[in-house]
Every structure is written in C-alpha cells, then in structure tokens.
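*Asks:* Sequence first, predicted model second:
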Amino acid sequence: MKDRFGRGIDYIRFSITDRCNLRCRYCMPDGVGLERHENLLTYEEFLQVAAAAVRLGITRFKVTGGEPLVRRGCTEFIARLKSLPGVEQVTLTTNGVLLAPLAPRLAALGLDGVNISLDAADPADFTAITGFDQYARVLEGLEASLAAGLKTKLNCVLLPGCEGRVLTLARFAQDRPVDVRFIEVMPIGEGARTPGPDREAVLHILKERWPDLHPVEEIRGNGPAHYYASGGLTGRIGLIDAVSHKFCERCNRVRLTSTGLLKPCLCYGEGTDLRALLRGGKNDLDTLTEALQQAIWNKPRAHCFDDAAAITEQKKMSEIGG
C-alpha cells in the first residue's frame, strides 16, 4: 500500500529477539535490560502480523534481532514465513557467529539472502569492537553461506577511527561474489555518542585503491544502498548514508520490534502496539490489517537525524531491530 506521501510500502523488518551473543561497543557494550521472554512476540504472532501485512501488499520480509539465530526455532520460523501465501522474499541479517552449520538448511528452505554484520577484517580489531573472539566463526559462516549458494552481503558500520579498516573489509568483494556495504552510524542509543566518517570520506579511500570505482544503477536488494563497481572487484561496494544523505522520499519499509511495536520510522519512539491487539482479544486478521494500514498511512515524511533534539527514540538498536 501507499502512505499519505505516496510512497509504496512493501517491506517489513521483523526483530524476533533482543538477545545477542556479541556486545558491540556501538550497540550494547554494557548489555541491555533484556525483556522477559513472555513479552516477546511468539512466532505464531509474527506470522499473524505477516498474514495481515501481505493483504496490504507487503511481500518482502527481513528477519533480524538482536541476533536472530540465538532464538530457538528461528530456522523453522523462516521456513513457515517463506511458505506463507503472498510472501515473495525472506532474508536474514545475522552477525554470522552461528551461521555456518545452518547455512545449508537455510538455503534448502529457499532463504533469499543473508546479510552478515562485520565491522573489522582483523581478529584483534573484531574482538575489540564486539567483545568476543569470534572472528573465525564469522568468517566460517560467510564461506558456508557462499558455498550454500545464498546471496550474501556484508554490512560494515562506519565507526570512529575505522578509516584503516575500510580497504580490508572492501577486499571481501575482490574475489568473492559478495556485496560489501558501508553504513553510517545511526545516532540512536550508543550510536549517538560514536559518530564515524561519512560517505565522501569512505569513497575517497576506496577510489585511491580502485580508481575506476563508479556508481551503477542496480537493484541489489530492498535497502537504500548506492552501489559502486570496479573492474578489480567481483562483488559491489554499497554505501548506506541515511544520516548525511536522506533517502526518506524513497523509503519503503516499516519495522516490528520483538515486543510487538510497529515502528514506521527509525528515529521516532512512537509506534503501534500490535502485541496489545494480538493478546487483547482483537487479534482477528481484519483488525490487525486495519492497525497496520493506519500506521503505514501515518508514516512520517522524513527522519530527523540531523536534529538530535527531535529524535524521540530512546531505545538501543538491539531493542529496535538492526
């Protein structure tokens, strides 16, 4: 369906848990106050929301967290979501630690793609950023994903001082069919205190190594990345610059948190409490569809990341959904 500004909303991100097996310094360095399990939506409840979303033309779904693979039954949930009538695409965002043994099964289920979060291509740097010595397992997950035939991307957050890591991360696209996307830090939670370099600084670094790097008009997923190609790269380089270059006029998404809050825009704390509907006796498909429709219609025109005082979201990204 379209919102009141004429944007077609066809993509929803499901955060199925606020738990994570890493403690990235820009997300949850000291942990978070985790929700009680009974406060999280059940898989059945997520599927009810998905059925309502499909009725409105939302056909593409991202499963995320926290770290979604730490929630028991995640693989089976993906299978059920993928088989739901009207669902055209299901993708997964993961930190990759638990991915390797699950990749063949996920590929067999028809998962449409995997985004692996990786902010350093050096074991020591990885440990310093995430709090855990798990780089080898993430690399194993990346290779297993590719071996299983899954469309694979790397998501790399542009943290303060990351300029020296940009090229080592970009080299994953050199001899592998992997898109490496560099993402500006969202000024939410810990991210508000850790701004990193912007798109132009990263492009300068990349073009010094690959002078023929040039923009390409390609659709390579549901996100807002601007993609670049080079004769020296097998994959693509993507830049997601939500802070320095707004793309709100093309926004096609909404988010559902693990506790059932439907968020039309990332930077605002307001949303629609679908858990209250699901558990309050008003969980029929028509009522859910109407609630989704109203929330999408009232989606804000744009985010306010350029005005810190206007940001009303106080939760950390792990609580919202990465």
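*Replies:* Yep, it's here.
*Asks:* per-residue confidence at the residue lying closest to E140 once chain neighbours are set aside?
*Replies:* Counting by CB to CB, 6 or more residues apart in numbering, the nearest residue to E140 once its immediate chain neighbours are dropped is A100, at 4.4 Å. Bear in mind the C-beta positions are built from the backbone N, C-alpha and C, glycine included. The per-residue pLDDT reported for A100 equals 98.
*Asks:* Then the one 4 residues further on?
*Replies:* Reading off the confidence values, P104 has pLDDT 98.
*Asks:* now swap in P211 and tell me
*Replies:* Model confidence at P211, given as pLDDT, is 98.
*Asks:* mind checking how far it is from H204?
*Replies:* If you measure P211 against H204 using CB to CB, to the nearest Å, the figure is 12 Å.
*Asks:* got it, and L266?
*Replies:* Taking CB to CB as the measure, L266 and H204 are separated by 27 Å.
*Asks:* Which one's more surrounded, those two?
*Replies:* The residue with the greater number of neighbours, taking L266 and H204 and applying other CB atoms under 10 Å, is L266; the counts read 20 against 12.
*Asks:* helix, strand or coil for the more buried one?
*Replies:* In three-state terms, and counting by DSSP: H, G, I helix; E, B strand; the rest coil, L266 is coil.
*Asks:* Hmm, R253 and it touching each other?
*Replies:* No: assessed by CB atoms under 8 Å, L266 is found out of contact with R253, at 9.2 Å.
*Asks:* Show me the shaky parts of the stretch 51-200 of the chain.
*Replies:* Scanning the stretch 51-200 of the chain with the threshold set as pLDDT under 70 gives 186-195.
*Asks:* Would you map the helices across it?
*Replies:* Across the stretch 51-200 of the chain, reading from the start of the chain, the helices by DSSP state H, counting those that start in this stretch fall at 74-82, 103-108, 123-130, 135-147, 166-170, 199-209.
*Asks:* any residues touching the longest one, and which ones?
*Replies:* This points to helix 135-147. The contact list for helix 135-147, computed with CB atoms under 8 Å, 6 or more residues apart in numbering, reads 94-101, 103-104, 114, 116, 118, 120, 122-123, 126-127, 152, 154, 172, 176-178.
*Asks:* In ChimeraX, how would I select the buried members of these?
*Replies:* Selecting only the buried entries of the contacts of helix 135-147 in ChimeraX, with 16 or more other CB atoms under 10 Å as the criterion:
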select :94,95,96,97,98,99,100,103,114,116,118,120,126,152,154,172,176,178
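*Asks:* Out of the contacts of helix 135-147, which sit inside strands?
*Replies:* Of those, the ones assigned to strands by DSSP state E are 94, 114, 116, 152, 154.
*Asks:* give the contact list for the second one.
*Replies:* Going by CB under 8 Å, 6+ apart, V114 touches 91-94, 99, 103, 106, 145, 150-153.
*Asks:* Make JSON lines from these and add distance to L239 to it.
*Replies:* Listed next are these as JSON lines, based on distance: CB to CB, whole Å:
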{"residue": "T91", "distance to L239": "19"}
{"residue": "L92", "distance to L239": "22"}
{"residue": "T93", "distance to L239": "18"}
{"residue": "T94", "distance to L239": "21"}
{"residue": "L99", "distance to L239": "24"}
{"residue": "A103", "distance to L239": "27"}
{"residue": "L106", "distance to L239": "27"}
{"residue": "S145", "distance to L239": "22"}
{"residue": "L150", "distance to L239": "23"}
{"residue": "K151", "distance to L239": "19"}
{"residue": "T152", "distance to L239": "18"}
{"residue": "K153", "distance to L239": "13"}
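*Asks:* With that, I have no additional questions.
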